[in-house]
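Engineer: quick one, fold the following:
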Amino acid sequence: MSVRKIALSLLIVIVPILTGCGGSNSSSPSGPPVTAMARFALVANVSSNSISTYAIDGHTGQLTPKATVPTGGVTSRIVALEPSGRFAFVGNFGSNDISVFAVDANSGSLTMVGSTVPAGSGPRSIVVGPTGNLLYEVNQQADNISGFSINSATGALTALTGTVATDDAPVELKFHPSGHFAYVANFNSGDVTVYGVDNSGALGLLGAVPIGLNPTSIGIEPSGRFAYVATLASNQITAFTIDQTSGALTRLSPSVSTGDGPTSVLVDAKGRFVYVTNAIEGNVSIFAIDVATGALRPLSTVLAGTNPVALTLDSSGLFAYVANQGSDNVTTFAVDPTTGALTPAGPAVAAGTGPASVILVR
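Structural biologist: Next up, the predicted model:
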């Protein structure tokens, strides 16, 4: 298969990724301490059009399968969570719609809210905005961003008027921690478009920054000073400083090599490490961040499953979860909080067909 065909096939999956936070399970004085903050995990399965749900062991971080729920859409490839954890949203790339689910706070079970909601052409990334009451949808085939208001009581979506233009084939949107800026990776045009975000949540285009061949994912350091963008065709990750007033990106040279086929980028909550899933090579690259300059230093690479395409971290910082699209499973890793190293925490757990996105629920 040619590099171009491999690149295009990987576009079926991505990981805009939300981490869970909040409460923990209780433990007896004689038992091991509870460390995982999230209680449940949700995995979107791109080929079986379903969501797999799991309970999370608070001591070990390991997953126990609970149920698989159909989405009612086609090519269900991305799942996002409303900040309270009460509602989950699934982008269906093939049917151009969004599924809404209520999340049971006690069991983590999902109940679909109404019918699927019509969306734009090729919903590639969906993200709940900084205010928590707006859902943003990146439409890869229409080259734009759509918006929906979220009903806080029911989770129902109402489409907002108009769209915002991107460049060619947008694949991921990330917000700056301040909530004042947003960034979109555009796969075909090889750039990142930068937007200002006003008090209403409306996006205004500020400009575009050339990145390289086929950018797939953006990671933003939690203080908002640095951004990291992976490029699929060159197998690299590039660091940028972020101007806190204008949101502008300034490249730090040189770029750093990843594994083969980088598809998602995640920065840990303390801003010390960057994790990159390499879908073709089947592993995760780990980098240390220079906290003064933002520069990256390669640390290690750890094997995952076949075609790992998305990664998320528990808000405790002690567990990581990787969705392996090719082997139809999810790998749990223990995270060393000092070194950032990942160690497999038990065997991989089965998912549906083609797991492409994983999020955690508190």
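
Engineer: any chance you could map the helices in this protein?
Structural biologist: With helices called from DSSP state H, the chain shows them at 3-10.

Engineer: shaky segments in it?
Structural biologist: The chain contains residues with pLDDT under 70 at 1-34.

Engineer: Gly196 and Thr245 touch, don't they?
Structural biologist: No. Using Cβ atoms under 8 Å, Gly196 is not in contact with Thr245, being 10.9 Å away. In this view, the C-beta of every residue, glycine as well, is placed from N, C-alpha and C.

Engineer: who has more neighbours, those two?
Structural biologist: Neighbour totals were compared for Gly196 and Thr245, and Gly196 leads with 15 against 7 (other Cβ atoms under 10 Å).

Engineer: so how far is Leu203 from that one?
Structural biologist: 7 Å (Cβ to Cβ, to the nearest Å).

Engineer: now do the phi/psi pair for Ala169.
Structural biologist: Main-chain dihedrals, Ala169, degrees, to the nearest 10: phi 60, psi 70.

Engineer: that one against Thr193, yeah?
Structural biologist: No. Contact criterion Cβ under 8 Å: Ala169 and Thr193 do not qualify, at 11.7 Å.

Engineer: who touches both of the two?
Structural biologist: Residues touching both Ala169 and Thr193 by Cβ atoms under 8 Å, 6 or more residues apart in numbering: Asn186.

Engineer: what ranges does the stretch 1-150 of the chain have for its strands?
Structural biologist: Counting by DSSP state E, counting those that start in this stretch, residue ranges of the strands within the stretch 1-150 of the chain are 40-45, 50-56, 63-70, 76-81, 87-92, 97-103, 110-112, 117-118, 123-128, 134-139, 144-150.

Engineer: next, format those strands as a markdown table and append distance to Gln236 and mean neighbour count.
Structural biologist: A markdown table is the format used below for those (distance: least, Cβ to Cβ, whole Å; neighbours: other Cβ atoms under 10 Å):
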| stretch | distance to Gln236 | mean neighbour count |
| --- | --- | --- |
| strand 40-45 | 27 | 27 |
| strand 50-56 | 32 | 24 |
| strand 63-70 | 32 | 17 |
| strand 76-81 | 24 | 28 |
| strand 87-92 | 27 | 27 |
| strand 97-103 | 32 | 23 |
| strand 110-112 | 37 | 17 |
| strand 117-118 | 37 | 16 |
| strand 123-128 | 21 | 25 |
| strand 134-139 | 22 | 25 |
| strand 144-150 | 26 | 20 |
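
Engineer: tell me which of those strands lies nearest to Asn186.
Structural biologist: Asn186 lies closest, by Cβ to Cβ, to one member of those: strand 134-139, at 9.6 Å.

Engineer: so how far is the closest one from its chain's centroid?
Structural biologist: 14 Å (Cα atoms, centre = their mean, to the nearest Å).

Engineer: and that strand, what other elements does it pack with?
Structural biologist: strand 123-128, strand 144-150, strand 170-175 (3 or more Cβ pairs under 8 Å, 6 or more residues apart in numbering; DSSP states H and E).

Engineer: pull up the pairing partners for the second one, direction included.
Structural biologist: Neighbouring strands of strand 144-150 in its sheet, by DSSP bridges, are strand 134-139 (antiparallel), strand 157-159 (antiparallel), strand 164-165 (antiparallel).

Engineer: ok, and what's touching stretch 289-296?
Structural biologist: 221, 225-226, 228, 237, 239-241, 252, 256, 267, 271-274, 287-288, 297.

Engineer: ok, now with 6 Å
Structural biologist: Contacts with stretch 289-296, where a contact means Cβ atoms under 6 Å, 6 or more residues apart in numbering, come from 226, 239, 241, 252, 256, 272, 287.

Engineer: in it, which residues are buried?
Structural biologist: Buried positions in stretch 289-296, judged by neighbour count with 16 or more other Cβ atoms under 10 Å: 289, 294-296.

Engineer: a markdown table for the strands of the stretch 1-150 of the chain, including distance to Thr163?
Structural biologist: As requested, the strands of the stretch 1-150 of the chain are exported to a markdown table (distance: least, Cβ to Cβ, whole Å):
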| stretch | distance to Thr163 |
| --- | --- |
| strand 40-45 | 23 |
| strand 50-56 | 27 |
| strand 63-70 | 29 |
| strand 76-81 | 18 |
| strand 87-92 | 15 |
| strand 97-103 | 15 |
| strand 110-112 | 26 |
| strand 117-118 | 13 |
| strand 123-128 | 12 |
| strand 134-139 | 8 |
| strand 144-150 | 4 |
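
Engineer: between these, which gets nearest to Gly354?
Structural biologist: Across these, Gly354 has its closest neighbour in strand 40-45 (5.5 Å, Cβ to Cβ).

Engineer: just want the angle from that closest one to strand 87-92.
Structural biologist: Inter-element angle recorded for strand 40-45 and strand 87-92: 10 degrees (by axes from the mean of the first three to the mean of the last three Cα atoms, to 10 degrees).

Engineer: note down every partner strand of strand 40-45 and its orientation.
Structural biologist: By DSSP bridges, strand 40-45 pairs with strand 50-56 (antiparallel), strand 355-361 (antiparallel).

Engineer: any chance of those strands in JSON lines, plus distance to Ala348?
Structural biologist: JSON lines is the format used below for these (distance: least, Cβ to Cβ, whole Å):
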{"stretch": "strand 50-56", "distance to Ala348": "12"}
{"stretch": "strand 355-361", "distance to Ala348": "10"}
